[in-house]
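Peer 1: Sharing a model prediction with you, sequence too.
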Protein chains: 2
Amino acid sequence: MQFKIDKVDNNARKGQITLEHGVVNTPAFMPVGTAGTVKAMSTDTVKKTGSEVILGNTYHLMLRPGMSVIEKAGGLNSFMNWEGPILTDSGGFQIMSLSKLCKISDDGVRFQSHIDGSEFFLDAKLSMEIQNSIGSDIHMIFDQCIQYPSTNDDVKAAMELSLKWAELSKRYFFKKKGRGLFGIVQGGVDPKLREFSAKELVDINFNGYAVGGLAVGEGQELMLATLDCTLPFLPKDKPRYLMGVGTPQDIVESVVRGVDMFDCVMPTRAGRHGQAFTKNGRINIRNAKYAEDNRPLDEESDCEASNTYSRSYLHHLFKSKEILGSMLLSWSNISYYQRLMQDLRLAINEGNLIETVNNMHDNWIKKNNI
Amino acid sequence: MQFKIDKVDNNARKGQITLEHGVVNTPAFMPVGTAGTVKAMSTDTVKKTGSEVILGNTYHLMLRPGMSVIEKAGGLNSFMNWEGPILTDSGGFQIMSLSKLCKISDDGVRFQSHIDGSEFFLDAKLSMEIQNSIGSDIHMIFDQCIQYPSTNDDVKAAMELSLKWAELSKRYFFKKKGRGLFGIVQGGVDPKLREFSAKELVDINFNGYAVGGLAVGEGQELMLATLDCTLPFLPKDKPRYLMGVGTPQDIVESVVRGVDMFDCVMPTRAGRHGQAFTKNGRINIRNAKYAEDNRPLDEESDCEASNTYSRSYLHHLFKSKEILGSMLLSWSNISYYQRLMQDLRLAINEGNLIETVNNMHDNWIKKNNI
């Protein structure tokens, strides 16, 4: 894979990642396609939002449908009918947050499926094999994520184990033209551990670097502080990916600091629960005040779901538990996120990111915080 | 509204109904948009299936979102973003099957909402007012549907009351260019009552005639026998609509007898439950044998949902309870129904309906009955 930066504004960067299945403009937001589908959206609709890369979850896909099915389909792209790039996580995060009876050793993790209790073992080698079968464009190293808060000793041990697994991941990574492997910086909210982890990973040398273990309850201030003491130790010429983040504000603040990639379930999950991101703030469409509001969600939006259907109709769909409500708000929210990324890329390109971000903040404060 | 027949093959007819919101080619199948949405489908997708008219349920819409919301939106077309023709039922059928504490008098029906128990009263006049507010192209008279089986006295009384309400419906119908009012023949499975009901309705004179009170448990044989003793008493130059029907076989048999219009929740409801209508028969996509079947549902289909996604992927979506599964199978099933209607129209046009229908039957028997 290739990463080209064509504009820098303070610490922020605008660039392109060229991958096997296409080009991704950064800063980029990746909709989450947990189980081989961005929930309640067709791939055509995902594409219409301007999304250029989606995320697949190794943990979910290895349990269901299982690797043999995805291999027979020729990989996740053809299985789910998505032609563009895919990034897969390593499975580590979900094993530790979703599975039952999870036992970690230096060798890997033994765990039981949250679906049917069947037992699995996952290590760096198998994670690489699975991501190769999935055929994703960007693979993530196998790492240990621990809960927040944890003791400093536990955070350090998990970080060190993750470094060992990072080396193994690189050893077992299946190289391919247009494919990359990203390291994941761990170390909780401890600046020294983060610095150590970052430097060690850079020594191993990856195609990109993710910051993991954040957005797990530490709050925005601590998350940004941790970014501030991590990013300076990552090479400028490689993409940087903040995993599992976040709100529009989180993304904006992180782009300012030099992050290039994001993923989050927030826009689709919020959409399925009747929460809509709009130019006028974040709104709960189930609120009675929208029952007779004939204005579209967001008149200025170029997204069909945002500018066509009335708030009154969307309110009705959610009150009636109609699937179309989830379909339309997921679509509208992903479009909102992609417009945000586009605005940020444009601002970096024109050298006025700080001014643009300040205006966004003022607007959010005025509008009740998105 | 206008009805033009351009070809007849035995009793079957191919024609066009010209309505306020567009032209409908008959024989026609109308997807059901119960609460202002064809479940799990966008209106764009409904249009792509070749559907030219959809059905809205007066009972559901009057309870939620309620008439004031739909009036403020300027009618159901703009509320739900559907540009084509809409047929609305009168509310009678759902009141009697869904509502609580339903009390019928000569004047109308008092009932409690199945949603929140609130009390409503509906009569022919109000049903016409509501259908006018909805702004549908075809209105149905307010009638009394009774359960099957019922005593002959009850069937006769309901049929007679429905005739009285038919007259009132015509009196209170809001005439408009491109809009029509259909009478509904009742009388259970009694040929004499059906004949009487049909003749009386024809005397009142409607723009079209529906056959109601069928597909309620009497079975296909009795349903077709009842059609056989009803249709001869309906004028040849007006459209005939068999309400709430049915399976592909039901539709084919009824078209042969001279029915022009159908509606049924079957394709969308079956789709949400993992049942797919295909050229190779009706299949349950949740069946384990599809887990690794990489063939599309129906290769010959021109529907994207049927010819793009593999059975394996669809199986996975249903196993994982992903919304996209319901979206794709509802789409695929409505497309199947619309292709069936197109095949029937073509066969009538070419004068080989009976041969075509015999081939369909042979195929269905071979393929395990659709």
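Peer 2: On my side now, so go ahead.

Peer 1: quick one: low-confidence ranges for chain A?
Peer 2: In the predicted model of chain A, residues A:368-370 satisfy pLDDT under 70.

Peer 1: Tell me the residues of it that contact chain B?
Peer 2: Applying CB under 8 Å from any CB of the partner chain, we find that chain A lies next to chain B at A:35-37, A:39-42, A:64-65, A:68-69, A:72-73, A:79-81, A:291-292, A:294, A:308-310, A:312-313, A:315-317, A:319-320, A:322-324, A:326-328. The way it works is simple: take the backbone N, C-alpha and C, and place the C-beta from them, glycine included.

Peer 1: Selecting buried members of the residues you listed in ChimeraX, what would you type?
Peer 2: In ChimeraX, a selection of the buried entries from those looks like this (16 or more other CB atoms under 10 Å in any protein chain shown):
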select /A:35,36,37,39,40,41,42,65,69,72,73,79,80,81,291,292,308,309,310,312,313,315,316,317,319,320,322,323,324,326,327,328
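
Peer 1: The residues of chain A next to chain B in helices, which ones?
Peer 2: Those of those mapping onto helices are A:68-69, A:72, A:79-80, A:312-313, A:315-317, A:319, A:323-324, A:326-328, per DSSP state H.

Peer 1: Now the two most distant members of these.
Peer 2: By the measure CB to CB, A:Ser68 and A:Ser312 form the most distant pair in those, at 47.7 Å.

Peer 1: which neighbours does the helix or strand hosting A:Phe3 have in its sheet, and in what orientation?
Peer 2: Using DSSP states H and E, A:Phe3 maps to strand A:2-9. Strand A:2-9 pairs in its sheet with strand A:12-19 (antiparallel), by DSSP bridges.

Peer 1: now the residue of the stretch 51-200 of chain A found nearest chain B: how far from A:Asp137?
Peer 2: Closest residue of the stretch 51-200 of chain A to chain B, CB to the nearest CB: A:Pro65 (4.2 Å). Using CB to CB, to the nearest Å, A:Pro65 is found at 20 Å from A:Asp137.

Peer 1: mind saving the C-alpha coords of the strand holding A:Phe3 as CSV?
Peer 2: The C-alpha trace of strand A:2-9 is given here as CSV (Å, rounded to 0.1, in the frame of the first residue of the first chain):
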residue,chain,number,x,y,z
GLN,A,2,1.0,3.6,-0.6
PHE,A,3,0.4,6.7,1.5
LYS,A,4,0.8,10.1,-0.1
ILE,A,5,0.3,13.4,1.8
ASP,A,6,-0.5,16.3,-0.4
LYS,A,7,-1.2,19.0,2.1
VAL,A,8,-0.3,19.8,5.7
ASP,A,9,-2.0,22.4,7.9
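
Peer 1: Surely A:Ile70 and A:Leu61 touch.
Peer 2: Yes. A:Ile70 is in contact with A:Leu61 according to CB atoms under 8 Å; the separation is 6.3 Å.

Peer 1: if I look at those two, which residues touch both of them?
Peer 2: Listed as contacting both A:Ile70 and A:Leu61 by CB atoms under 8 Å, 6 or more residues apart in numbering or on different chains are A:36, A:76, A:134.

Peer 1: Closest to A:Pro235 out of those residues?
Peer 2: Nearest to A:Pro235 out of these is A:Ile134 (CB to CB; 26.8 Å).

Peer 1: which non-adjacent residue is nearest A:Cys264?
Peer 2: The shortest distance from A:Cys264 to any non-neighbouring residue, by CB to CB, 6 or more residues apart in numbering or on different chains, is to A:Gly246 (5.6 Å).

Peer 1: Please apply the same query to A:Thr308.
Peer 2: Once flanking residues are discounted, A:Thr308 sits nearest to B:Asn81: 5.7 Å by CB to CB, 6+ apart.

Peer 1: can you pull out the strands in the stretch 51-200 of chain A?
Peer 2: Here the stretch 51-200 of chain A has its strands, by DSSP state E, counting those that start in this stretch, at A:54-56, A:86-88, A:100-104, A:109-112, A:119-122, A:138-140, A:180-185.

Peer 1: Give the other helices and strands that the fourth one contacts.
Peer 2: Contacting strand A:109-112 under the criterion 3 or more CB pairs under 8 Å, 6 or more residues apart in numbering or on different chains; DSSP states H and E are the following elements: helix A:92-98, strand A:100-104, strand A:119-122.

Peer 1: circling back to that earlier point, same drill for A:Ile70 and A:Leu61, tell me which one is more crowded.
Peer 2: When A:Ile70 and A:Leu61 are compared for neighbours, A:Leu61 comes out ahead with 28 against 25, by other CB atoms under 10 Å in any protein chain shown.

Peer 1: Tell me the secondary structure of the residue nearest the centre of chain A, please.
Peer 2: A centroid search over chain A (CA atoms, centre = their mean) returns A:Asp263, at 1.3 Å, as the residue closest to the centre. Going by DSSP: H, G, I helix; E, B strand; the rest coil, the secondary structure assigned to A:Asp263 is strand.

Peer 1: who are the neighbours in contact with it?
Peer 2: A:Asp263 neighbours (CB under 8 Å, 6+ apart): A:29-32, A:55, A:87, A:241, A:243-245.

Peer 1: For A:Ser150, see how far away A:Gly188 is.
Peer 2: From A:Gly188 across to A:Ser150, the span is 7 Å (CB to CB).

Peer 1: Sounds good, over and out.
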